[in-house]
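J.: Sequence plus the predicted model coming up.
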Amino acid sequence: MTPEPDPEPAAGGEAEPGVVQTPPAGATTVQVQLTEWSVIPDQATVESGQIYFLATNTGADAHELVVIRSELPPDQLPVEDGRVPEDEVDMIGEIEPFAAGSQASAVFDLEPGDYVLFCNVAEEEGGELESHYLEGMHAAFTVE
């Protein structure tokens, strides 16, 4: 029996470069920098509607961008085995893990509310679990 491959890359070298799509006409663009250990959107508040997220991985590891709706502070989401359980939060969508030094994009139609942007990659580093979320890769995001 062949084991199933892990859907999350273990390190930056194993992920494919991200895919960038052209933003839809009229969408608001939010550029997000992903690095060890932060998620830095170029704006923290936007108007509701189509939001085009352009994520740039300036770190050394593979990172992803997960968007959830939540009134919890960004550092107080539930965590199991180093990851936020995506089936236990109000999941909007995500940009799957992509390689360091590349960009990836996604478009989400966001209603007014409080959101959290975070990286949900968890990997073994030196025999220990390294959770990108627990290392600080999260940011509050507001849609008006």
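T.: Yep, that arrived.
J.: Give me the phi and psi angles of the most centrally placed residue in the chain.
T.: Nearest to the mean C-alpha position of the chain, by C-alpha atoms, centre = their mean, lies residue 65 at 1.4 Å. Residue 65 has phi and psi values of phi -120, psi 110 when expressed as degrees, to the nearest 10.
J.: which of the residues in the lowest-mean-pLDDT helix or strand in the chain are buried?
T.: Across the helices and strands of the chain, mean pLDDT, DSSP states H and E gives its lowest value to strand 122-125, namely a mean of 88. Across strand 122-125, burial judged by 16 or more other C-beta atoms under 10 Å covers 122, 123. Every residue, glycine included, has its C-beta placed from N, CA and C.
J.: Could you check how far the residue nearest to residue 122 when sequence neighbours are not counted is from residue 136?
T.: Once flanking residues are discounted, residue 122 sits nearest to residue 82: 3.4 Å by C-beta to C-beta, 6 or more residues apart in numbering. Distance, residue 82 to residue 136, by C-beta to C-beta, to the nearest Å: 13 Å.
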